[in-house]
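J.: No sequence on hand, only this structure:
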């Protein structure tokens with residue numbers, strides 16, 4: 001066995017111990033950040049959004065359960081359905097032609113409950129060649145959200161960017 005193999009044998013158990021919560025505490029990881037998928041297909045731009053209610057209001061999964069969480073999710077869902085998800089250059093002449101939103105409750109194999117909010121918008125641009133960026137406006141509906149993982153797909157580009165309230169522009 002060479003030194004490299006010996007070092008790996010030591011590191012794996014040590015890293016496992018280092019990543020285990022102290023005193024066997026059962027700590028759940030923070031909720032995943034919301035995700036945004038933008039698909040640009042000529043004059044139509046499809047925008048999909050998904051997040052857990054815990055991520056949207058800044059709570060850990062275990063602290064937000066039951067009817068109160070479901071009511072909160074339904075309120076946010078209604079707000080998302082009514083809003084414009086992104087501001088675009090005025091020269092592109094884009095408007096929202098369809099908006100849908102829903103709330104789903106699920107349970108994982110450990111019995112933990114989770115409430116997700118999903119929204120889909122379709123925007124139509126009269127001059128799609130002039131659509132150079134989207135300024136994502138979803139942060140207004142969810143002030144506790146600090147990061148949105150955004151993906152942009154078109155025939156000519158694929159972009160990934162972590163959006164923040166201070167940096168919410170998604171370029172083509």
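T.: Good, I have the coordinates. The structure presented is a predicted model; accordingly, all values stated were derived computationally and were not measured.

J.: Tell me which helix or strand in this protein has the weakest average pLDDT.
T.: Here the helix or strand of the chain ranked lowest by mean pLDDT, DSSP states H and E is helix 3-19, holding a mean of 42.

J.: which is the next helix or strand following that one?
T.: Going down the chain from helix 3-19, the next helix or strand is strand 35-41, by DSSP states H and E.

J.: From the contact counts, what lies against the helix or strand following that next one?
T.: Next in sequence after strand 35-41, counting helices and strands by DSSP H and E, comes strand 44-52. Helices and strands touching strand 44-52, by 3 or more Cβ pairs under 8 Å, 6 or more residues apart in numbering; DSSP states H and E, are strand 35-41, strand 113-125. The way it works is simple: take the backbone N, C-alpha and C, and place the C-beta from them, glycine included.

J.: mind checking how far stretch 95-112 is from the chain centre?
T.: For stretch 95-112, the separation from the chain centroid amounts to 12 Å (computed by Cα atoms, centre = their mean, to the nearest Å).

J.: Now do the buried residues in that stretch.
T.: By neighbour count with 16 or more other Cβ atoms under 10 Å, stretch 95-112 contains the buried residues 96, 99, 101, 103.

J.: and which of the residues you listed is nearest to residue 82?
T.: Nearest to residue 82, judged by Cβ to Cβ, of the buried residues of stretch 95-112 is residue 99 at 7.5 Å.

J.: what's the helix or strand for that closest one?
T.: strand 94-107.

J.: Can you list the strands that that strand pairs with?
T.: According to DSSP bridges, strand 94-107 forms sheet pairs with strand 113-125 (antiparallel).

J.: Which SSE is immediately downstream of the partner strand?
T.: Downstream of strand 113-125, the first helix or strand assigned by DSSP H and E is strand 133-136.

J.: quick one: buried residues of that following strand?
T.: For strand 133-136, a neighbour-count test (16+ other Cβ under 10 Å) marks 134, 136 as buried.

J.: could you give me the average pLDDT of whichever helix or strand comes after it?
T.: Using DSSP H and E, the helix or strand that directly follows strand 133-136 along the chain is strand 148-153. Across strand 148-153, the average pLDDT comes to 96.
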